[in-house]
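A.B. asks: okay, sequence plus prediction incoming.
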Amino acid sequence: QLLQDDCVPLSTSLGPSASTSSEQLPDYLRPSANWLDAFTGYFAQEQTGFRLLLDKTSIPQDFSIPHSDRLREWRSFCYGIDEDRSTKNSIVYALASADQMMAIRLIKWMTAWMAIDQLRRIEGIWLWYLILRLDSLLDHDDTHVLRELCRRLISIRSNIGHNIGQNAETQLDHRRNEIAAINILIAAVTRGYKQYDLELL
């Protein structure tokens, strides 16, 4: 469960780089090849489990989601969910009420809403469950949306590394969970949906 109770499913800390790039990331920002290989199976299990959860979810009668084209209402809805034990329930109810098209639309919107150098915890939680909600096989347009999300996350990770700079030891402690969440979401796209070329960025 991504970022539930400030935990992440796998450790992404201090592994050797999974690949090379023209602008090499520090080791503490990029997960190891072994971690990525282990994540592939983990993601498949989580996706199967989440789909089963959605199938058996009973949506409360007093629960509702904004209309599909109401961007501002959706933004308020997504960011207005309290980050407590009810967070997952609210997201599960929302995604059990939404179809594939709405899930893709939310990923596209949230990609635009994110800051250039930060992934907020509530964004990480939403994006994790949105990706789990998607069909295993995506068409070209839906895949493009996922790839744009991945590119944005990679850019955020790079900006975090730039901002940490020479104070890595001090800065890393309070951003470790955020960096891990970014790597998890990137891997959900690259490994979960076989967009391996993005790992070279």
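C.D. replies: Received the coordinates, thanks. A quick note: this is a predicted structure, and the numbers were derived from the prediction, not measured.
A.B. asks: what strand or helix carries the residue nearest to the spatial centre of the chain?
C.D. replies: The centroid of the chain falls nearest to residue 185 when counting by Cα atoms, centre = their mean (3.5 Å). Assigned by DSSP states H and E, residue 185 belongs to helix 168-190.
A.B. asks: list the buried ones in that helix?
C.D. replies: By neighbour count with 16 or more other Cβ atoms under 10 Å, helix 168-190 contains the buried residues 172, 175, 177-190. All C-beta atoms are positioned from the backbone trio N, CA, C, and that covers glycine.
A.B. asks: and these, which is closest to residue 96?
C.D. replies: residue 188 (19.6 Å; Cβ to Cβ).
A.B. asks: surely the closest one is in contact with residue 128?
C.D. replies: Yes: if you go by Cβ atoms under 8 Å, residue 188 and residue 128 touch, sitting 7.0 Å apart.
A.B. asks: distance-wise, check residue 122 relative to residue 56.
C.D. replies: Distance of residue 122 to residue 56, given as Cβ to Cβ, to the nearest Å: 25 Å.
A.B. asks: of these two, who's got more company?
C.D. replies: More neighbours surround residue 122 than the other of residue 122 and residue 56, with 18 against 7 (other Cβ atoms under 10 Å).
A.B. asks: residue contacts, the more buried one?
C.D. replies: 78-79, 81, 83, 87 (Cβ atoms under 8 Å, 6 or more residues apart in numbering).
A.B. asks: same question, residue 29
C.D. replies: Counting by Cβ under 8 Å, 6+ apart, residue 29 has contacts 157-158, 160-161, 179, 183.
A.B. asks: from the residues you listed, which is closest to residue 95?
C.D. replies: Closest to residue 95, out of all of the contacts of residue 29 and judged by Cβ to Cβ, is residue 183, at 22.7 Å.
A.B. asks: what sits against the closest one?
C.D. replies: Counted by Cβ under 8 Å, 6+ apart, residue 183 has contacts 12, 29-31, 157.
A.B. asks: of these, which is the nearest to residue 135?
C.D. replies: Distance to residue 135, by Cβ to Cβ, is smallest for residue 31 among those, at 25.5 Å.
A.B. asks: ramachandran coordinates for the closest one?
C.D. replies: phi -70, psi 160 (degrees, to the nearest 10).
A.B. asks: still on that earlier bit, wait, the residue nearest to the centre of the chain touches residue 128, no?
C.D. replies: Yes: counting by Cβ under 8 Å, residue 185 does reach residue 128; the two are 6.5 Å apart.
A.B. asks: in stretch 33-53, what counts as buried?
C.D. replies: 35-36, 38-39, 42-43, 46-47, 50.
A.B. asks: how about stretch 191-198?
C.D. replies: 191-193, 195, 198.
A.B. asks: ok, residues contacting stretch 124-136?
C.D. replies: 2-4, 46-47, 50-51, 54, 78, 83, 87-88, 91-92, 95, 98, 100, 103-104, 106-107, 110, 142, 146, 149, 178, 181-182, 184-185, 188-189, 192-193.
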